[in-house]
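**Q** Turn this into a model:
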Amino acid sequence: MNRIEFALVPAKAADVPTLSEDGQSLAIAVDGTPLIDLARRAELDDARADGQPQLAGGYANLLYLDRICWPSRHFLDQPALVWFGDGDTVVAGCTCGDYGCWPLCVQIEVTHEHVVWRDFRNGHRTNWDLSALGPFVFDRTEYEAALRRATPARETASS
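**A** Sure thing, here's the model as predicted:
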């Protein structure tokens with residue numbers, strides 16, 4: 001059984017062209033390793049074969065927290081950010097801040113006991129073989145608890 005962590009981390013406007021001010025992004029780690037690093041390892045051979053090794057793992061944490069963080073079911077059975085439209089879920093995006101510019105997608109299967117991430121794909125390099133990335137099987141109770149821990153503070157209206 002794998003372990004997943006969702007964490008809110010700083011997103012600096014100086015580093016993300018689509019941000020007008022500093023904010024937060026959602027980082028994902030599997031078994032203690034950032035998902036982006038795992039993707040880099042899985043993509044490197046194909047990126048080298050394409051003559052563009054710098055593209056391997058060239059993802060950033062997702063913005064759009066209001067659409068993807070709890071209580072959204074984006075990481076469960078109702079993806080808010082998709083690319084292929086076949087049930088895929090975008091789990092990382094481009095370093096420019098636009099998830100569609102360089103999306104990392106996965107199929108997420110939800111059962112009563114487990115959440116499974118399988119069949120990872122890059123939105124623009126569908127010929128790359130990402131079979132070394134996953135499948136990951138998570139305990140559903142622990143998975144949903146991890147999602148809840150990464151809930152951004154909601155602004156409340158003052159009286």
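
**Q** Quick check: the gap between the closest residue to residue 62 other than its chain neighbours and residue 68.
**A** Leaving aside its sequence neighbours, residue 62 sits nearest to residue 26 (C-beta to C-beta, 6 or more residues apart in numbering; 5.0 Å). Using the backbone N, CA and C atoms, a C-beta is placed for each residue, glycine as well. Per C-beta to C-beta, to the nearest Å, residue 26 is found 6 Å from residue 68.

**Q** Overlap of the contact sets of those two?
**A** Residues within reach of residue 26 and of residue 68 at once, by C-beta atoms under 8 Å, 6 or more residues apart in numbering, are residue 62.

**Q** Next SSE downstream of the strand or helix carrying the residue nearest to residue 62?
**A** Here residue 26 sits within strand 23-30, counting by DSSP states H and E. Downstream of strand 23-30, the first helix or strand assigned by DSSP H and E is strand 33-34.

**Q** Sheet partners, orientation included, of that next one?
**A** Using DSSP bridges, the strands paired with strand 33-34 are strand 23-30 (antiparallel).

**Q** Contacts for the partner strand, please.
**A** By C-beta under 8 Å, 6+ apart, the residues outside strand 23-30 that reach it are 2-11, 13, 34-35, 38, 60-63, 65, 68-69, 91-92, 136, 150, 152.

**Q** Can you select the buried ones from these in PyMOL?
**A** Command for PyMOL that selects the buried part of these, burial taken from 16 or more other C-beta atoms under 10 Å:
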select buried, resi 2+4+5+6+8+11+34+35+38+60+61+62+63+65+68+69+91+92+136+150
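
**Q** list the contacts for residue 78?
**A** residue 72.

**Q** Grab the most central residue of this protein for me.
**A** residue 91 (2.0 Å; C-alpha atoms, centre = their mean).

**Q** could you measure it against residue 14, distance?
**A** Taking C-beta to C-beta as the measure, residue 91 falls 25 Å from residue 14.

**Q** now do residue 127
**A** Distance, residue 127 to residue 14, by C-beta to C-beta: 34 Å.

**Q** for residue 87, what are its contacts?
**A** Neighbouring residues of residue 87 by C-beta under 8 Å, 6+ apart: 79, 107.
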